[in-house]
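In: pasting the structure only:
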């Protein structure tokens, strides 16, 4: 292929894809540059050399266990003092986040504890009480919400790893925005 090597699992009917960041020396392979040895080793020739492996020894580098999602940072514009307030977390907060109607924005940063290919982790959120549909953030682990009206909300954030295995937990962050 012109984009890595794919392995098909017949029992689960799914593909696992491997790229140079999985240890291959190529991502693009020559059309007829492949063979299988009598021992069962596969060889694929590409632009940067030859990749060789036994298909039975392929691994995706991690288990499909569900990783945990953590809130790692929070920032807001403090409308009272016209300043930016940042907080970093070592554990997920349990108390509601209190905002004023004068706070122009609130931002969150989060991390999925799956480190095989962290740039391939994906995220989604919904803000219950405002918008009740999941919104895809792609690979961005940051979220900024501007000018949230007064009210009570619950921010839900979920993540998925390279194999699209969804997190073992969904972050639920209560937010209260006070009115004038």
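Out: Right, received. Where do you want to start? The model shown is predicted, which means the values in this text are computed figures rather than measured ones.
In: So, low pLDDT: which residues of this protein?
Out: Flagging of the chain using pLDDT under 70 yields the residue ranges 1, 21-23, 57-65, 88-93, 115-116.
In: for the residue of it positioned farthest from its centre, phi and psi?
Out: In the chain, counting by C-alpha atoms, centre = their mean, residue 38 sits farthest out from the average C-alpha position, at 40.4 Å. With angles defined as degrees, to the nearest 10, residue 38 sits at phi -70, psi -20.
In: how deep is residue 162 tucked in, by neighbour count?
Out: Neighbourhood size, residue 162 [other C-beta atoms under 10 Å]: 19. Where C-beta positions appear, they are placed from N, C-alpha and C, glycine not excepted.
In: whoops, residue 15 was the one
Out: 9.
In: And the nearest residue to it once chain neighbours are set aside, which helix or strand is it part of?
Out: What sits nearest to residue 15 in space, not counting adjacent residues and going by C-beta to C-beta, 6 or more residues apart in numbering, is residue 6, at 4.9 Å. Assigned by DSSP states H and E, residue 6 belongs to strand 5-9.
In: Strand partners (parallel or antiparallel) of that strand?
Out: Paired neighbours of strand 5-9 in the sheet (DSSP bridges): strand 14-18 (antiparallel).
In: List the buried residues for the strand it pairs with?
Out: Using 16 or more other C-beta atoms under 10 Å as the test for burial, strand 14-18 gives 16, 18.
In: what's it in contact with?
Out: 3-9, 24, 58, 60, 163 (C-beta atoms under 8 Å, 6 or more residues apart in numbering).
In: Just the buried residues out of those residues, in PyMOL syntax.
Out: In PyMOL, this line selects whichever of the contacts of strand 14-18 come out buried by 16+ other C-beta under 10 Å:
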select buried, resi 4+5+24+60+163
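In: Just give me the closest of the contacts of strand 14-18 to residue 156.
Out: residue 163 (21.7 Å; C-beta to C-beta).
In: ranges for the strands of this structure?
Out: 5-9, 14-18, 29-36, 42-46, 49-53, 69-78, 83-88, 97-100, 105-112, 122-128, 131-138, 142-146, 151-160, 171-178 (DSSP state E).
In: Tell me the buried residues in the fifth one?
Out: By neighbour count with 16+ other C-beta under 10 Å, strand 49-53 contains the buried residues 51, 53.
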